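Novice: Build me a model:
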Amino acid sequence: MHKDELLELHDHMVTIMEYFDAREEVPDDLFDPYQELDVTPADVHKSKSEHKHAVFVLGNALANAMSDDEFSDAGRVGKRMKELAEDAESKI
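Specialist: Numbers count the residues shown, from 1 in each chain. A predicted model of the protein is given here:
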């Protein structure tokens, strides 16, 4: 995936995050790991690796927001996103 495509995906995922963040049943701290990265879609100067890591961390949080438990489809996606985020972080 090219960096511009990754930035577009990142931007769409932030839009979805904002939807879930506004919902009362979603824990307030769910998106803290993503926000602590301080990498937004507008940060075009940041590396592709940093954006990739941010997308996986955000993907994990979004999957957790949608999952009933770790064995649901979204729960399994969340687990895989966490693994991918850890791998991407090691390459930064």
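Novice: how much space between H10 and D28?
Specialist: Per Cβ to Cβ, to the nearest Å, H10 is found 22 Å from D28. For every residue, glycine as well, the C-beta is placed using N, CA and C.
Novice: Which one of these two is surrounded by more residues?
Specialist: H10 (19 against 8; other Cβ atoms under 10 Å).
Novice: does that one really touch V57, like I thought?
Specialist: No: with contacts counted by Cβ atoms under 8 Å, H10 stays clear of V57, the gap being 10.8 Å.
Novice: List of residues touching the helix or strand hosting L84?
Specialist: Assigned by DSSP states H and E, L84 belongs to helix 73-90. Residues from elsewhere that reach helix 73-90, judged by Cβ atoms under 8 Å, 6 or more residues apart in numbering: 49, 52-53, 56-57, 59-61, 63-64, 66-70.
Novice: before we move on, what about stretch 51-65?
Specialist: 3, 6-7, 9-10, 13-14, 16-17, 20, 23, 26, 30-31, 33-34, 37, 39, 41, 43, 74-75, 77-78, 81-82, 84-85, 88-89, 92.
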